[in-house]
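Asker: make a model of this:
(4 chains)
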Number of protein chains: 2
Amino acid sequence: MGSSRYLEIAEALRQSILRGEYPVGGRLPSESDLAARWSASRGTVRQAVGLLASEGLIGSRQGARRVVLRQERRHSFQQLNSFAQWAQAMGCEVSSLMLSRTTRPATDEEASRLGVAPGSEVLYVLRLRRLDGDPVLVERTAYTDWVAPAVRELPDDCVSIMNSIASSAGIVAHYGEHLLDAVAAGSEDARLLSVRRGSPLLRQRYLTYTAAGRPIEWTDDRYRAGSVAFSVSNSAAATPLERHAGPDMPAAAQQPGRG
Amino acid sequence: MGSSRYLEIAEALRQSILRGEYPVGGRLPSESDLAARWSASRGTVRQAVGLLASEGLIGSRQGARRVVLRQERRHSFQQLNSFAQWAQAMGCEVSSLMLSRTTRPATDEEASRLGVAPGSEVLYVLRLRRLDGDPVLVERTAYTDWVAPAVRELPDDCVSIMNSIASSAGIVAHYGEHLLDAVAAGSEDARLLSVRRGSPLLRQRYLTYTAAGRPIEWTDDRYRAGSVAFSVSNSAAATPLERHAGPDMPAAAQQPGRG
DNA sequence: AAGTGGTCTAGACCACTCG
DNA sequence: GAGTGGTCTAGACCACTTC
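Answerer: Numbering: from 1, shown residues only, chains lettered A, B, ... in the order given. Modelled structure (predicted):
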């Protein structure tokens, strides 16, 4: 349950903001007010408001009351890593089809991202995903060897691989690293998504790993343009998003890679 | 400078991770260890490691030592909001040219994002930005009326508008909200960026606001494909990035808007 | 069973904002 | 100058991981 005191307080504040009790641009009560109101210590109240701040809901500056920045609720971790969970939460009918599952040596990129020796075998999966029947997303995933067996035994039309291997093999993603950019549709992309070759796609590449930091998969997702957008809030206190140089940049601008 | 004890500890840990003293996948010392080593209280140490966790550098689970997730440093808030500061930090020569500055009624989208009455006047700026001479980014910004005078007096080749109006008028962005997706280049985009019409562009739309929550600008940035990528880390504890339905989605999938 | 991080308390001082 | 958030301390108990 939401068993912690500070989560309880945070949820109550979230609801108040959602109901418009504290309107956008308005001020929150002071920490001591809230502490008294909830008969909690100031530290616990700070944990609660700190959580809301990390969600981008409220902002704060030393000496001034906290302000409400937005009214919407954030999505969960699972919803960013799992297309199926996100779609279902939005009330869409989602369907998936694995078009191929092959074991092959890792590319240099895959080996470096997954932290395995170059040329090690990975399980490569090509998958097409639809929303309410429309093809929206082409997914290309490389699974590390210790994950591969759990993926191999799933049916082609498995809706959520992450969910399935969590249940069947106890493999759960705790962390993720995402890279977002735009690419032109290749011929395979174009055929699968029913768009013209060269038309714009939003690409989301990501690595997921376990609580212990062990890489699980490296994925290249390509969305039909207009089908999804990603959002992020930042502040002087927290900047979760980064800009990176792409391959077409001048040499001076190249960033060092991950490995 | 970095005058807080916890910032000092965080920076030292960051450096250790950067130097590979704590390798990726390895464990950090325990909180009590660190507290003793720095003669600080456990609470202060927790602030330090909490900061690194929010940067995606380390992960934690109850009962187990913290683990190192990555080795790279994150960029600052300023570098996400300011193309010029980001480019300069990467050692690129950046140049900008304002192609037009016009005062006109806000579109519905602009009015809603900026929180002004529909049809209110905004200052609309079209700007082309180059890296080492190559056109990389087309920027279209709507400034609220109280910001417009400061922008109007800047020269056409001003490299950083945000920096300039901070100095000249004390207007400083403290928060931002970003939306990322892919679009096809329109004819204006194509002409300015020297790409074919319909070719893929990465679009970053964002709203910035002051410490008090007052909107400053609403911007539509379009990057030539391949020139930049954005990255974000997430975890079960913190998910800063969200997926949204785009305009081409089935009706059931539409998300409510901001205002 | 020992170690570790997660939560919580009660109090303190300081830097900053605001009227 | 009063109020507010930012930082820091010293202790406590619990849930969980690890051995």
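Asker: spell out which helix or strand contains A:S60, please.
Answerer: Using DSSP states H and E, the element containing A:S60 is strand A:58-61.
Asker: go on, A:R205?
Answerer: strand A:200-209.
Asker: do the same with A:R104
Answerer: Per DSSP H and E: strand A:94-105 holds A:R104.
Asker: show me what the helix or strand that that strand is followed by is packed against.
Answerer: Per DSSP H and E, the first helix or strand lying C-terminal to strand A:94-105 is helix A:108-114. Contacts defined by 3 or more C-beta pairs under 8 Å, 6 or more residues apart in numbering or on different chains; DSSP states H and E place helix A:108-114 against strand A:215-224. Quick note: C-beta positions are derived from backbone N, CA and C, even for glycine.
Asker: what pairs with the helix or strand just after the strand it packs on, parallel or antiparallel?
Answerer: Moving toward the C-terminus from strand A:215-224, the next helix or strand (DSSP H and E) is strand A:228-235. Paired neighbours of strand A:228-235 in the sheet (DSSP bridges): strand B:175-184 (antiparallel), strand B:241-245 (antiparallel).
Asker: pick out the shakiest of the ones you listed, pLDDT-wise.
Answerer: Least confidently modelled of the strands paired with strand A:228-235 is strand B:241-245, at a mean of 63 by mean pLDDT.
Asker: need the helix or strand of chain A with the lowest average pLDDT.
Answerer: None of the helices or strands of chain A scores lower by mean pLDDT, DSSP states H and E than strand A:241-245, at a mean of 62.
Asker: care to break chain A down by domain?
Answerer: A:5-68, A:77-232 (automatic domain parsing).
Asker: touching DNA strand D at all, the longest one?
Answerer: What it means is domain A:77-232. Yes. Counting by C-beta under 7 Å from any atom of the strand, contacts between domain A:77-232 and DNA strand D involve A:A212.
Asker: tell me where the model's unsure across the stretch 151-259 of chain A.
Answerer: Counting by pLDDT under 70, the ranges of the stretch 151-259 of chain A that qualify are A:235-259.
Asker: repeat that for 50
Answerer: The model of the stretch 151-259 of chain A has pLDDT under 50 over residues A:249-259.
Asker: do you know how far the single nearest residue of it relative to DNA strand D is from A:A169?
Answerer: In the stretch 151-259 of chain A, the residue that lies nearest DNA strand D is A:A212 (6.4 Å; C-beta to the nearest atom of the strand). Distance, A:A212 to A:A169, by C-beta to C-beta, to the nearest Å: 15 Å.
Asker: sorry, back to before: adjacent strands (with direction) for the strand holding A:R205?
Answerer: strand A:175-184 (antiparallel), strand A:215-224 (antiparallel).
Asker: hmm, the first one touching DNA strand C?
Answerer: Right, strand A:175-184. No. Strand A:175-184 lies out of reach of DNA strand C by C-beta under 7 Å from any atom of the strand, never closer than 13.1 Å.
Asker: quick one: buried residues of the helix or strand following that strand?
Answerer: With elements assigned by DSSP H and E, the helix or strand that comes after strand A:175-184 is helix A:187-193. Going by neighbour count (16 or more other C-beta atoms under 10 Å in any protein chain shown), the buried part of helix A:187-193 is A:189-190, A:192-193.
Asker: in PDB, could you pull the C-alpha coordinates for stretch A:52-67?
Answerer: What follows is stretch A:52-67 as a C-alpha-only set of coordinates in PDB (Å, rounded to 0.1, in the frame of the first residue of the first chain):
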ATOM      1  CA  LEU A  52       6.100  16.400  -5.900                       C
ATOM      2  CA  ALA A  53       8.900  18.700  -7.000                       C
ATOM      3  CA  SER A  54      10.700  15.800  -8.600                       C
ATOM      4  CA  GLU A  55       7.500  15.100 -10.500                       C
ATOM      5  CA  GLY A  56       7.500  18.700 -11.800                       C
ATOM      6  CA  LEU A  57       4.300  19.500 -10.100                       C
ATOM      7  CA  ILE A  58       5.600  22.200  -7.800                       C
ATOM      8  CA  GLY A  59       8.600  24.400  -7.700                       C
ATOM      9  CA  SER A  60      10.500  26.000  -4.800                       C
ATOM     10  CA  ARG A  61      13.000  28.700  -3.900                       C
ATOM     11  CA  GLN A  62      14.600  29.600  -0.700                       C
ATOM     12  CA  GLY A  63      12.600  32.100   1.300                       C
ATOM     13  CA  ALA A  64       9.400  31.900  -0.700                       C
ATOM     14  CA  ARG A  65       6.400  29.600  -0.500                       C
ATOM     15  CA  ARG A  66       6.300  26.700  -2.900                       C
ATOM     16  CA  VAL A  67       4.300  27.300  -6.100                       C
END
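Asker: what's the offset of that stretch from the middle of its chain?
Answerer: Computed by C-alpha atoms, centre = their mean, to the nearest Å, the chain-centroid distance of stretch A:52-67 equals 24 Å.
Asker: again with stretch A:19-30
Answerer: Relative to its chain's centre, stretch A:19-30 lies at 28 Å (C-alpha atoms, centre = their mean).
Asker: identify, from the buried residues of helix A:187-193, the entry nearest to B:A48.
Answerer: A:D189 (44.5 Å; C-beta to C-beta).
Asker: does that closest one touch A:L137 like I think?
Answerer: No. At 10.3 Å, A:D189 and A:L137 do not qualify as touching, with contact defined as C-beta atoms under 8 Å.
Asker: mutual contacts of those two, please.
Answerer: A:R222 (C-beta atoms under 8 Å, 6 or more residues apart in numbering or on different chains).
Asker: picking up where we left off before, quick one: the domains of chain A as CSV, columns for distance to B:R70 too.
Answerer: Converted to CSV, the domains of chain A look like this (distance: least, C-beta to C-beta, whole Å):
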stretch, distance to B:R70
domain A:5-68, 19
domain A:77-232, 7
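Asker: most packed of these?
Answerer: Among those, domain A:77-232 has the highest mean neighbour count (mean count of other C-beta atoms under 10 Å in any protein chain shown), at a mean of 19.
Asker: run the chain-centre distance for that one.
Answerer: 12 Å.
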